[in-house]
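Asks: okay, here's the prediction I keep looking at, along with the sequence it came from:
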Amino acid sequence: MSEEQTPVEPAAEPATSKPSDTINFDDFLKVKLRVGKVISAENHPNADKLLLLQVDLGDEQRQICAGLKGHYEAADLVGKNLILVANLAPRKMRGLESQGMLLAASTADHEQVIVLTTDADIAPGSNVG
């Protein structure tokens with residue numbers, strides 16, 4: 001067999017990329033990330049690990065249930081600008097409706113959880129992305 005006739009092996013996919021780990025750009029555009037300013041925070045009355053946040057999104061206020069108890073004191077979140085998924089369908093969490101989800105980073109063992117915030121003051125409701 002000459003060089004021209006040598007069968008070409010298909011390129012292997014990179015080990016770091018799995019189809020289940022990726023989304024296309026159009027899917028990403030469906031997620032609406034916005035800045036929300038925490039106007040009040042308290043312990044969820046029916047849950048040991050949830051905090052109940054009232055968040056200003058500029059044109060509306062929303063209630064968010066977040067699994068931050070044990071990582072944050074409720075009062076420490078008041079006044080922070082958090083990054084929220086604003087178009088997530090509401091859902092009941094331990095009897096109360098959560099109208100969005102905040103973004104946070106955590107270690108693999110969830111020992112450390114850090115909410116994602118803005119590094120400068122920006123108007124509530126500002127788009128992220």
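Replies: Sure thing, it's come through.
Asks: the residue nearest to residue 68 when sequence neighbours are not counted bridge partners, please.
Replies: Among residues not flanking residue 68 along the chain, residue 51 sits closest, at 4.9 Å (C-beta to C-beta, 6 or more residues apart in numbering). Quick note: C-beta positions are derived from backbone N, CA and C, even for glycine. Taking DSSP bridges as the rule, residue 51 bridges to residue 43, residue 66.
Asks: tell me the pLDDT of residue 51.
Replies: Model confidence at residue 51, given as pLDDT, is 95.
Asks: can you check residue 23 too?
Replies: So, for residue 23, pLDDT stands at 89.
Asks: ok, now residue 35?
Replies: pLDDT, residue 35: 98.
Asks: same question for residue 4.
Replies: 54.
Asks: gap between the residue nearest in space to the middle of the chain and residue 35?
Replies: The chain has residue 103 as the residue nearest its centroid, 2.7 Å off, counting by C-alpha atoms, centre = their mean. When distance is defined by C-beta to C-beta, to the nearest Å, residue 103 is 11 Å away from residue 35.
Asks: likewise for residue 126?
Replies: Taken as C-beta to C-beta, the span from residue 126 to residue 35 is 4 Å.
Asks: same question, residue 61
Replies: 14 Å.
Asks: kindly report the same for residue 47.
Replies: 26 Å.
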